[in-house]
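Novice: take a look and give me a structure for this.
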Amino acid sequence: MSVGGSTRGGIQFGGLVSGLPVNDIITSLINAERTPINIMEAKVQSLRDNDFQFKAIQNMFSRLQTSVNKLVPTSILDTNLFQEKQATSSSASTATATVTTEASPQSFSLEVTQLATPTKAKTINSVGQWITGTNTINQAAQGAITNGTMTLFVNGVANTLTVDNTQTMDTLLTAIGGITGVDTATLTNGVLTVTANAGNALTFGANGDTSNFLDVSGMKTGTTVGLNTTGSTALSATDINADVSSVAANLVTPVVDGTFTIGTATIDTTGKSLSDIIYAINTESGTGVTAFYDRNTNKVNLTSKGTGSTLITMANGTSNFLTSMGLITGLDSATSQTAGQNASFKINGTTLLSASNTVQSTVSGLTGVTMNLLATNTGSPLTMTVSQKTDTLTTAAQEFVTQFNSIISAIDSQTKLDSTSAKLKSESGLRNIRNQIRNVLTERNTDNDEYTSLSQIGISTGAVNANATGSATATYSLDTTKLAEALADNPQEVQELIMGTNGILRKLKTVVDDSLEASTETNGAGGGIFPSHADAISRQIKILNDQILKANDRLLQKETAYRKQFTQMESLISQYRQQGTALAGFANQQQ
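Specialist: Okay, the predicted model is just below:
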């Protein structure tokens, strides 16, 4: 069957007996009766178009609401842009500052005479054993020396030696000492010294060398005094990857497995290498220090994470690790330490001390101001200025003006009665709220004495007679210079004008919030203009769709009835023709 020309099922055919175009006749009848449905479907589409345009403006109001909320905080947890402060330093490389809203606008001189430094602890004696002549070469620097060749020049003449890191260090020292012009090659506390014969000059290394021995031993960067050239690096036999309680670690004093304490952290040495223990010291938050093993000096260094003259707390527990590392002697943990120093600075000529280079207000006495000392400027004080922060406030004001203008423009274009493209001409509610929010911006806040209107702080549509029509434009703009001047002149009144009890934007916020407020009633009543409109459109579309569905069902039933009637007609015609044929035959027989 078909409704409005569409096939719904079954075989369709014309009048086989009558010769009439039955399908065309039924289609024409159904299409004629489908006119009310077409009208309802067009109404549904019109409502959807209306809803789409309305929601576009609703989204603009939501953005306007967001921009207004930045200027009119809704709770004490929201940022009050009028209370934001900023600190400006005349020498940012010397000191900077961060401020809170509690800071008072002010300027003061700051002279930094001393920065705070951290406390450091260093092993008193060597931690591990030094490389000696009896060690194999690959025991130096944890096997970092590679096989290959190295070059030693005597008076410019190259002498190439082969380095085999499985041989003893004595083997290599003998080879070096055997070069013509070289007197001796010796190791003292892991440091290599090569002595030339009188009248000879030594140079170490060539770009064709394939072994890194001269780099690792520091001979390339060594110091020459007289006939002696001494390497800049000491070769340690300490294996930082071996268990500290094992012989393989090559420590001067073997470590007994157990625990020790640094700061408030307790660390266990059992089954750990020196590298593992240093990692634990650096990652345990309670230690308050960073540690590293200096291979060149064969010592462990600790540096406190904080600054000031406070010493590092260290104590052996069941392990002698700190004693083995030379950080504690007996019960003495202070001898290995060099206490840090406190920061010393002057504010307006008054000397103050701080254990940290981050100076809190409790130390400086400057409420809401935290200073960051970066360098000294003895004798050349800088000026630190605390003032109202206007850039974020100006940005928020410009955002508000932009969002406000977009709403006015959108509503004007969509409700313009003489416009063919306007989709919301009948929506008087939009025109009303457009006029309402515009009127709010022209109101005055009589709570102030000096600044009572937005135009006085730079938010206006321009001066009257500023254009060809002799009146202000419909578009608002922000004069940032005027706003800055007003904030500098009387920030409290500017704040009161915008967000006070009778503040202009506070009033606007109420209107905007109300327009977006969802209904709490099941029938959609009582909500703002946008949710109420959406609810009303939704209800109308549902009613129409229900009517369309029922009308289509009725039309389908009517089409079925039409086809039944035409089928009956065809049957009757067929019967009549059969009877006629029979009568004709009977008549012929009678003749």
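Novice: how near is His501 to Val511?
Specialist: Actually, residue 501 is Thr rather than His. Plainly put, Thr501 is 16 Å away from Val511 if you go by Cβ to Cβ, to the nearest Å. Any C-beta I mention is one placed from the backbone N, CA and C, and that applies to glycine too.
Novice: any idea how far Pro105 is from Val369?
Specialist: Val369 sits 11 Å away from Pro105, taking Cβ to Cβ as the criterion.
Novice: more neighbours: which of these two?
Specialist: Val369 (24 against 12; other Cβ atoms under 10 Å).
Novice: the more surrounded of Thr501 and Val511?
Specialist: Neighbour count, other Cβ under 10 Å: between Thr501 and Val511, Val511 has more, with 16 against 9.
Novice: surely the more buried one and Asn439 touch.
Specialist: No - look at Val511 against Asn439 with Cβ atoms under 8 Å: they stay out of range, at 9.5 Å.
Novice: now do the contacts for Phe566.
Specialist: For Phe566, the contacting residues are Gly15, Leu20, Val22, Ile25, Ile26, by Cβ atoms under 8 Å, 6 or more residues apart in numbering.
Novice: reformat those as CSV; add secondary structure, neighbour count and pLDDT.
Specialist: What follows is the contacts of Phe566, written out as CSV (DSSP: H, G, I helix; E, B strand; the rest coil; neighbours: other Cβ atoms under 10 Å; pLDDT from 0 to 100):
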residue, secondary structure, neighbour count, pLDDT
Gly15, coil, 16, 55
Leu20, coil, 15, 72
Val22, helix, 20, 74
Ile25, helix, 14, 82
Ile26, helix, 21, 81
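Novice: from the chain's centre, how far out does the longest helix along the chain sit?
Specialist: Taking DSSP state H as the criterion, the chain has its longest helix at helix 529-590. Computed by Cα atoms, centre = their mean, to the nearest Å, the chain-centroid distance of helix 529-590 equals 66 Å.
Novice: hmm, who's touching stretch 255-262?
Specialist: Taking Cβ under 8 Å, 6+ apart as the rule, stretch 255-262 contacts 244-245, 249, 266-271, 281, 287-289, 302, 312-322, 324.
Novice: please apply the same query to stretch 155-163.
Specialist: 137, 145-153, 172, 175-176, 179-181, 200-201, 203, 206, 211, 213.
Novice: name the residues of it that come out as buried.
Specialist: By neighbour count with 16 or more other Cβ atoms under 10 Å, stretch 155-163 contains the buried residues Asn159, Leu161, Val163.
Novice: same deal with stretch 49-64?
Specialist: Across stretch 49-64, burial judged by 16+ other Cβ under 10 Å covers Asn50, Asp51, Gln53, Phe54, Ile57, Gln58, Met60, Phe61, Arg63, Leu64.
Novice: for the closest residue to the third one other than its chain neighbours, what are its contacts?
Specialist: Spatially, and ignoring its direct neighbours in sequence, Gln53 is nearest to Lys423 (4.5 Å; Cβ to Cβ, 6 or more residues apart in numbering). By Cβ under 8 Å, 6+ apart, the residues touching Lys423 are Asp49, Asn50, Gln53, Gln414.
Novice: does the second one touch Ile537 like I think?
Specialist: Which is Asn50. Yes - between Asn50 and Ile537 a contact is recorded at 6.6 Å, counting by Cβ under 8 Å.
Novice: Three-state assignment for Leu311, please.
Specialist: coil (DSSP: H, G, I helix; E, B strand; the rest coil).
Novice: what about it, neighbour count?
Specialist: 14.
Novice: state the distance from it to Ala280.
Specialist: Look at Leu311 and Ala280: by Cβ to Cβ, they are 21 Å apart.
Novice: what is the rounded mean pLDDT of the longest helix of the chain?
Specialist: When pLDDT is averaged along helix 529-590, the result is 84.
Novice: SS state for Lys43?
Specialist: Lys43 - assigned by three-state DSSP - is helix.
Novice: excluding chain neighbours, give the residue nearest to it in space.
Specialist: Spatially, and ignoring its direct neighbours in sequence, Lys43 is nearest to Leu544 (5.9 Å; Cβ to Cβ, 6+ apart).
Novice: hmm, that neighbour is touching Ile39, no?
Specialist: No - using Cβ under 8 Å, Leu544 is not in contact with Ile39; the gap is 9.8 Å.
Novice: neighbour count winner among these two?
Specialist: Leu544 (16 against 10).
Novice: list the contacts of the more buried one.
Specialist: Going by Cβ under 8 Å, 6+ apart, the list of residues near Leu544 reads Met40, Lys43, Val44, Leu47.
Novice: could you do Gln495 as well?
Specialist: Phe82.
Novice: repeat for Ala486
Specialist: Tyr451, Gln456, Ile457, Gly458, Val494.
Novice: go again with 7 Å.
Specialist: Each residue near Ala486 by Cβ atoms under 7 Å, 6 or more residues apart in numbering is listed here: Tyr451, Gln456, Ile457, Val494.
Novice: quick one, phi/psi of it?
Specialist: Backbone torsions of Ala486, given as degrees, to the nearest 10, read phi -70, psi -40.
Novice: so for it, what's the pLDDT?
Specialist: Listed pLDDT for Ala486 reads 96.
Novice: for Arg563, see how far away it is.
Specialist: Separation of Ala486 from Arg563 (Cβ to Cβ): 81 Å.
Novice: with Pro73 instead?
Specialist: Distance, Pro73 to Arg563, using Cβ to Cβ: 71 Å.
Novice: please consider this matter closed, and thank you.
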